[in-house]
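*Asks:* What follows is a protein structure lacking sequence information:
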């Protein structure tokens with residue numbers, strides 16, 4: 001099949017951005033300026049097609065250097081990778097952080113999601129848009145959650161160039177946000193990661209005990225505080241022994257699905273097909289979630305060590321760390337940690353002299369909530385649109401690149417370290433019988449001390465909110481983020497376990513706890529949740545693609561009506577919600593109605 005390209009040509013800057021990633025082109029077929037080359041035959045076509053997974057990094061390279069992706073730049077990247085331009089255009093337009101239309105080199109992303117909306121995001125947006133009008137050289141974009149909920153409202157400035165420069169303003173004022181966008185290098189430095197951990201330095205912490213205690217840039221400091229003890233223990237136990245410890249500990253996934261981690265590892269390790277892959281899902285895009293960001297910024301070597309253990313146990317020699325694009329500081333910390341570990345023999349061809357080869361590659365997301373779903377994440381890494389795959393086959397059989405793959409999020413992996421250092425029985429003794437170990441909770445909203453809290457499973461919602469300093473006038477608590485459910489202020493005795501929240505008719509999810517008092521209009525929050533799901537639906541299946549639109553439309557109508565008229569739309573919402581829950585391909589559509597349903601039934605949102 002011939003690939004057809006347009007007449008647009010890349011600029012020198014765009015060409016340089018692609019070549020910096022892929023190396024210089026070797027023939028006119030790949031875009032080299034050689035008039036004597038015959039374009040009717042290809043050199044290295046198979047090799048180029050095998051690099052399809054570099055499409056997303058290539059789009060990042062262009063967007064980072066120029067600020068947007070032109071037809072000429074996209075065409076040049078497609079030539080280099082032998083990717084049909086129509087397919088690449090579909091990928092480029094899938095992600096919120098990319099633009100295929102001209103825009104200023106500097107983009108200011110202002111979060112308008114739940115925590116920021118409650119903290120004054122509408123006023124922040126209006127103020128920055130007024131100050132940074134046409135001619136300012138800055139594009140202001142209203143953004144979904146930036147993962148900075150403990151410092152709401154938040155803004156992220158990205159200035160394209162070589163290198164790309166970023167600045168975070170949180171909690172943001174109009175003046176601070178304008179400064180971050182106008183002069184990223186002059187913006188105030190972000191507070192340290194431990195500022196998001198109110199318990200930092202306290203005794204008894206297992207997952208957060210190094211945050212604020214060790215220098216996140218120092219491998220020596222990490223090792224002086226117990227680092228790499230777990231990996232040495234893993235080599236003593238062997239792959240089967242590690243899986244047995246993880247299984248006996250009762251560890252389940254911390255991303256919301258709560259699938260037993262040991263079973264997933266065993267299923268992957270036992271597959272005869274090779275190679276095996278490990279994927280760390282660090283694309284926490286659920287509104288209200290920021291725990292993985294704090295771990296990666298405050299204790300990056302812990303994740304590197306945990307990924308190495310997981311790879312060893314499951315027979316994987318390469319790990320892909322899929323990091324959400326809105327986390328520039330986490331990216332820098334992890335790049336440094338991986339480089340240091342590689343230089344010191346803790347990654348590479350012979351880890352710790354044990355004859356085991358393992359390395360980690362970071363892949364940046366580009367603003368797509370759906371890529372938190374594991375199979376959508378695989379498609380994204382492979383250079384396709386981040387759309388979920390139908391199951392079976394399951395990832396442990398055919399995952400990344402069609403090979404057996406184990407996928408875990410950051411918190412799940414970091415839990416493996418205390419399991420191996422303490423032993424499975426000691427770990428399993430923490431928490432409850434069916435929810436073992438410690439759990440991280442992201443608390444934000446109307447509390448005095450928002451941040452990441454570590455508690456054993458079984459603590460109650462009231463105990464957590466007491467630690468965070470819940471304010472008077474609490475009206476509702478959202479558990480599990482936008483895909484979760486609301487509970488009333490008189491239901492704070494709910495135990496924070498997977499089974500406890502399920503019995504209470506709600507969900508624990510990934511550990512989001514957002515508190516709201518009467519000053520936050522509930523209908524506005526529900527409308528923002530509906531807007532979020534409409535925007536983030538990948539559009540692959542009809543129930544979700546159409547249902548999220550109908551849900552938002554109905555909530556708009558309800559906001560303008562009362563009585564019998566509103567009752568009709570509430571009935572429609574229930575019908576649409578059931579259809580999405582029953583027939584959507586993935587969890588996005590299946591949970592898009594949860595928060596609205598709980599607000600109607602538990603809080604009487606429209607009475």
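*Replies:* Noted; the coordinates are in hand. Predicted model, so just to flag it, every value in this text is computed and none were measured.
*Asks:* before we move on, what SS does the closest residue to residue 385 other than its chain neighbours have?
*Replies:* With sequence-adjacent residues excluded and distances taken as CB to CB, 6 or more residues apart in numbering, residue 385 is closest to residue 94, at 4.7 Å. From N, CA and C alone the C-beta is placed, and that goes for glycine too. Three-state assignment for residue 94 (DSSP: H, G, I helix; E, B strand; the rest coil): coil.
*Asks:* Same question for residue 574.
*Replies:* helix.
*Asks:* which residues does the residue nearest to residue 385 contact?
*Replies:* 368, 385, 386, 538 (CB atoms under 8 Å, 6 or more residues apart in numbering).
*Asks:* which residues does the first one contact?
*Replies:* Shown here is residue 368, whose contacts under the criterion CB under 8 Å, 6+ apart are 94, 95, 96, 285, 376, 380, 386, 536, 538.
*Asks:* pLDDT at the first one, what is it?
*Replies:* With respect to pLDDT, residue 94 has a value of 97.
*Asks:* Over to the last one?
*Replies:* At residue 538 the predicted local confidence, pLDDT, stands at 95.
*Asks:* got a list of what it touches?
*Replies:* By CB under 8 Å, 6+ apart, the contact set of residue 538 is 94, 368, 370, 376, 385, 386, 387, 388, 544, 588.
*Asks:* okay, those in CSV with distance to residue 220 and secondary structure next?
*Replies:* Shown next, in CSV, are the contacts of residue 538 (distance: CB to CB, whole Å; DSSP: H, G, I helix; E, B strand; the rest coil):
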residue, distance to residue 220, secondary structure
94, 42, coil
368, 37, coil
370, 40, helix
376, 38, helix
385, 43, coil
386, 38, coil
387, 44, coil
388, 42, coil
544, 49, helix
588, 43, helix
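*Asks:* so which of the residues you listed comes closest to residue 217?
*Replies:* residue 368 (29.8 Å; CB to CB).
*Asks:* The closest one and residue 275: what is the separation?
*Replies:* Residue 368 sits 26 Å away from residue 275, going by CB to CB, to the nearest Å.
*Asks:* right, and residue 406 touches residue 266 too?
*Replies:* No - using CB atoms under 8 Å, residue 406 is not in contact with residue 266; the gap is 9.7 Å.
*Asks:* Neighbour count: the two, which is higher?
*Replies:* residue 406 (28 against 20; other CB atoms under 10 Å).
*Asks:* residue contacts, the closest residue to the more buried one other than its chain neighbours?
*Replies:* Sequence neighbours aside, residue 268 is the residue nearest to residue 406 in space, at 4.3 Å (criterion: CB to CB, 6+ apart). Taking CB under 8 Å, 6+ apart, we find residue 268 in contact with 276, 314, 315, 316, 396, 404, 405, 406.
*Asks:* How about the contacts made by the first one?
*Replies:* Residues in contact with residue 276, defined by CB under 8 Å, 6+ apart, are 268, 269, 314, 315, 316, 317, 403, 404, 405, 406.
*Asks:* Make CSV out of those and add secondary structure and distance to residue 158.
*Replies:* Putting these into CSV (DSSP: H, G, I helix; E, B strand; the rest coil; distance: CB to CB, whole Å) gives the following:
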residue, secondary structure, distance to residue 158
268, helix, 36
269, helix, 40
314, helix, 36
315, coil, 38
316, strand, 33
317, strand, 34
403, coil, 34
404, coil, 36
405, strand, 31
406, strand, 32
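*Asks:* Which one of those residues is nearest to residue 29?
*Replies:* Taking CB to CB as the measure, residue 29 lies nearest residue 403 of these, at 29.3 Å.
*Asks:* At which residues are the helices of the stretch 51-200 of the chain located?
*Replies:* Using DSSP state H, counting those that start in this stretch, the helices of the stretch 51-200 of the chain run over 55-66, 71-81, 85-92, 114-118, 121-131, 174-182.
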